[in-house]
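Q: Please find the sequence and the predicted model below.
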Amino acid sequence: MAGPGIKERLGVEEITRGIWKALLAEFLGNLLLNFYGCASCVGTGAGKNEVLIALTFGLVIMAIVQVSKSLCGKMATHEKA
């Protein structure tokens with residue numbers, strides 16, 4: 001009467017199967033946000049433009065969502081039971 005092992009109960013196989021795509025998406029997201037977001041905050045000598053900074057951060061986050069969605073597949077909120 002041996003039931004499922006501890007690895008099956010914890011779902012280790014589900015985690016390790018798709019971990020590399022998720023890690024790649026996380027790395028690219030952090031890279032894009034830090035590079036472009038921080039670069040938009042560097043002044044060009046004419047003063048800081050808050051609208052430019054806000055638009056840059058918004059567009060970078062939009063790009064991160066698109067890259068993550070295409071790398072990781074379906075989002076959790078759209079999966080059917």
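A: That came through fine. Residues are numbered from 1 along each chain as shown.
Q: What is the subsequent helix or strand relative to the least confident helix or strand in the chain by mean pLDDT?
A: The weakest-scoring helix or strand in the chain, judged by mean pLDDT, DSSP states H and E, is helix 12-17 (a mean of 70). Using DSSP states H and E, the helix or strand that follows helix 12-17 towards the C-terminus is helix 19-41.
Q: For stretch 33-50, which outside residues touch it?
A: Residues from elsewhere that reach stretch 33-50, judged by Cβ atoms under 8 Å, 6 or more residues apart in numbering: 52-53, 56-57, 60-61, 64. C-beta coordinates here come from the backbone N, C-alpha and C atoms, glycine included.
Q: Swap in 7 Å and give it another go.
A: 52-53, 56-57, 60, 64 (Cβ atoms under 7 Å, 6 or more residues apart in numbering).
Q: how long is it end to end?
A: This stretch, stretch 33-50, spans 17 Å end to end (Cα to Cα, to the nearest Å).
Q: For it, buried residues please.
A: Within stretch 33-50, the residues that qualify as buried are residue 40, counting by 16 or more other Cβ atoms under 10 Å.
Q: and that stretch, how far out from the chain's middle?
A: Chain-centre distance of stretch 33-50: 22 Å, with Cα atoms, centre = their mean, to the nearest Å.
Q: what mean pLDDT would you report for that stretch?
A: Average pLDDT, stretch 33-50: 78.
Q: Between helix 19-41 and the helix or strand encompassing residue 54, find me the angle.
A: Taking DSSP H and E as the definition, residue 54 sits inside helix 50-72. Interaxial angle, helix 50-72 versus helix 19-41 (axes from the mean of the first three to the mean of the last three Cα atoms, to 10 degrees): 170 degrees.
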